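**Student:** no FASTA, just this:
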């Protein structure tokens, strides 16, 4: 028994051990909960490409995790590890945790590239998962990075009854897309060597291998541009890319440049807006589009774009400056002035001569009351800029403040004595203030300073004009003598055909008056007793003015040829009549 007992004990001991081993075997054969089964094919080779499939973007976090898991498992089950190695979920989560992310984080494209770099991934699957019509919708794209260039290949949208069903379609798309990668890489190598024809050939092979390949089409586009292809050829290839990937920035950029080259502003702006949407922070592109909108007479679109940029960059001096100039170009004067005032508050460095010229121009058309204020501020800041001082002068003249206007005009005449404008203002103001003697003195000073005489003649008509008008109205010889004296002074200063004409007319009018008096006194050959000395005096008046009238009417004929000609034709009769009487009456 004893022996039997010993055998039983030994038997039970062996049976217990065997039982324990048998119980342990299933546990050893099964993976831990949530652990992925190993991918078939063993370990990847050194040149095997890796693909990273992390959590998909989704409003439903669980759906994003589950959809990614299903696609990852599906790709792993369909591909040998030595052909395409799927980075395990465990390694993805461990890397994310080590980097401070939640293991189930849905990453941005840039973060996905960084994750892939750490996990030696050549391919990355980026996707968005949503619930749709009782099923699951996955919008995937395959991404890869060569050097510093990030590339993206959109894949067909997968709609399935559940995540697993959609995953089958995504895996199929990945497999098809990868078929075109090898010829694409050959195309890239050709581009680097500037073998444009070979690059185009390999790009075509890539498109044949995967008809929806945007990567090979982008490579083809680079071959076309590298070989200086025509704008139409660029447009054809780029448009094919956009048809497959509407946000492809490389295609949009080349398409934009091609339309610009063709001077097709409408198409260029349409494409440029889409390109900017892919990179809203591209300030250079935004500024270029604004300029193109303005050139194409689309100020509203230009301003809309500027306002969008200002929302993200409030108080940006360059943007406010651009907005101001666009409003000016669009003749929206009051709005432009308001933005101009805002610009001055933001940055005083913007308040230069050009700023004031533009603001004053806007005020002249939209807010005349502000012209004098702006001009005076400009003149104070830039005291050597005569144009601003002239505007201040003009403003005070319009306001009826002649004393202030005269003060500012004299300032301008001192800055550049040869500039006619300030002197013209002084003469005009003195004319309004009825200061003919001062006008003559001013004109002499201006000529002495080097002002061209012909630039003063129009202003000095303010001296001659009233005298001529008064003589024509009164028909008095004394008035014509005043007009002659005035005209001679002005003619001495400026000497134009017009001033000579007025000298000639005044002298002729004095002669005419004297001739009429002679006729009255002579009384048809029988002058009254004592009238002979008076007649002789009048003849002397005719003699004194005849040469002046003749010389100046001839010179003044260029100003008023018809009247000057008529007066000149009458002169001989008057002088001959006076000469005969002078002899007959023995006038000295």
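**Tutor:** Yes, it's here. Because the structure is predicted, anything quoted here is derived from the model rather than measured.

**Student:** could you pull out the helices for the stretch 451-588 of the chain?
**Tutor:** For the stretch 451-588 of the chain, the helices defined by DSSP state H, counting those that start in this stretch occupy 457-474, 477-494, 497-522, 532-556, 561-584.

**Student:** any idea where the helices of the stretch 151-300 of the chain begin and end?
**Tutor:** 163-179, 181-192, 196-209, 214-226, 231-244, 249-261, 265-278, 283-295, 299-312.

**Student:** and those as JSON lines, adding mean pLDDT, mean neighbour count and distance to residue 466?
**Tutor:** Where C-beta positions appear, they are placed from N, C-alpha and C, glycine not excepted. Formatted as JSON lines, the helices of the stretch 151-300 of the chain follow (pLDDT from 0 to 100; neighbours: other Cβ atoms under 10 Å; distance: least, Cβ to Cβ, whole Å):
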{"stretch": "helix 163-179", "mean pLDDT": "96", "mean neighbour count": "20", "distance to residue 466": "94"}
{"stretch": "helix 181-192", "mean pLDDT": "95", "mean neighbour count": "19", "distance to residue 466": "85"}
{"stretch": "helix 196-209", "mean pLDDT": "97", "mean neighbour count": "19", "distance to residue 466": "83"}
{"stretch": "helix 214-226", "mean pLDDT": "96", "mean neighbour count": "24", "distance to residue 466": "76"}
{"stretch": "helix 231-244", "mean pLDDT": "96", "mean neighbour count": "18", "distance to residue 466": "70"}
{"stretch": "helix 249-261", "mean pLDDT": "96", "mean neighbour count": "21", "distance to residue 466": "63"}
{"stretch": "helix 265-278", "mean pLDDT": "95", "mean neighbour count": "18", "distance to residue 466": "58"}
{"stretch": "helix 283-295", "mean pLDDT": "92", "mean neighbour count": "17", "distance to residue 466": "51"}
{"stretch": "helix 299-312", "mean pLDDT": "92", "mean neighbour count": "16", "distance to residue 466": "50"}
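
**Student:** the domain parsing of the protein - what is it?
**Tutor:** Following automatic domain parsing, the chain resolves into domains at 50-176, 476-588.

**Student:** what separates the shortest one from the chain centre, distance-wise?
**Tutor:** Between the centre of domain 476-588 and the centre of its chain there are 67 Å (Cα atoms, centre = their mean, to the nearest Å).

**Student:** now do the first one
**Tutor:** Taking Cα atoms, centre = their mean, one finds the center of domain 50-176 at 43 Å from the center of the full chain.

**Student:** residue contacts, the residue nearest to residue 262 when sequence neighbours are not counted?
**Tutor:** Leaving out its chain neighbours, the residue that sits closest to residue 262 by Cβ to Cβ, 6 or more residues apart in numbering is residue 231, at 5.0 Å. Taking Cβ atoms under 8 Å, 6 or more residues apart in numbering, we find residue 231 in contact with 258-259, 261-262.

**Student:** Low-confidence stretches in this protein?
**Tutor:** 1-35, 147, 524-525 (pLDDT under 70).

**Student:** what's the longest strand along the chain packed up against?
**Tutor:** Identified as the longest strand of the chain according to DSSP state E is strand 135-146. With contacts taken as 3 or more Cβ pairs under 8 Å, 6 or more residues apart in numbering; DSSP states H and E, strand 135-146 sits against helix 61-78, helix 109-118, strand 123-132, strand 149-154, strand 158-160, helix 163-179.

**Student:** Which elements pack onto whatever helix or strand comes next after the first one?
**Tutor:** It refers to helix 61-78. Using DSSP states H and E, the helix or strand that follows helix 61-78 in sequence is strand 85-86. Where contact means 3+ Cβ pairs under 8 Å, 6+ apart, strand 85-86 is packed against strand 50-53, helix 61-78.

**Student:** Is it possible to get a markdown table of those that adds mean neighbour count?
**Tutor:** Listed next are the helices and strands packed on strand 85-86 as a markdown table, based on neighbours: other Cβ atoms under 10 Å:
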| stretch | mean neighbour count |
| --- | --- |
| strand 50-53 | 24 |
| helix 61-78 | 21 |
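
**Student:** mind giving me a markdown table with these and columns for distance to residue 238?
**Tutor:** Formatted as a markdown table, the helices and strands packed on strand 85-86 follow (distance: least, Cβ to Cβ, whole Å):
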| stretch | distance to residue 238 |
| --- | --- |
| strand 50-53 | 28 |
| helix 61-78 | 31 |
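
**Student:** what's the closest of these to residue 431?
**Tutor:** helix 61-78 (86.2 Å; Cβ to Cβ).

**Student:** for the closest one, packing partners?
**Tutor:** Against helix 61-78 (3+ Cβ pairs under 8 Å, 6+ apart) you get strand 50-53, strand 85-86, strand 123-132, strand 135-146, helix 163-179.

**Student:** Please repeat the previous calculation with a cut-off of 10 Å.
**Tutor:** strand 50-53, strand 85-86, helix 89-98, strand 123-132, strand 135-146, strand 158-160, helix 163-179 (3 or more Cβ pairs under 10 Å, 6 or more residues apart in numbering; DSSP states H and E).

**Student:** wait, which of these is closest to residue 545?
**Tutor:** If we rank these by Cβ to Cβ, the stretch that ends up nearest is strand 135-146, at 101.1 Å.

**Student:** so residue 400 touches residue 429, yeah?
**Tutor:** No. Judged on Cβ atoms under 10 Å, residue 400 makes no contact with residue 429 at a distance of 11.1 Å.

**Student:** which one of those two has more residues nearby?
**Tutor:** Legend: neighbour count by other Cβ atoms under 10 Å for residue 400 and residue 429, higher for residue 429 (25 against 9).
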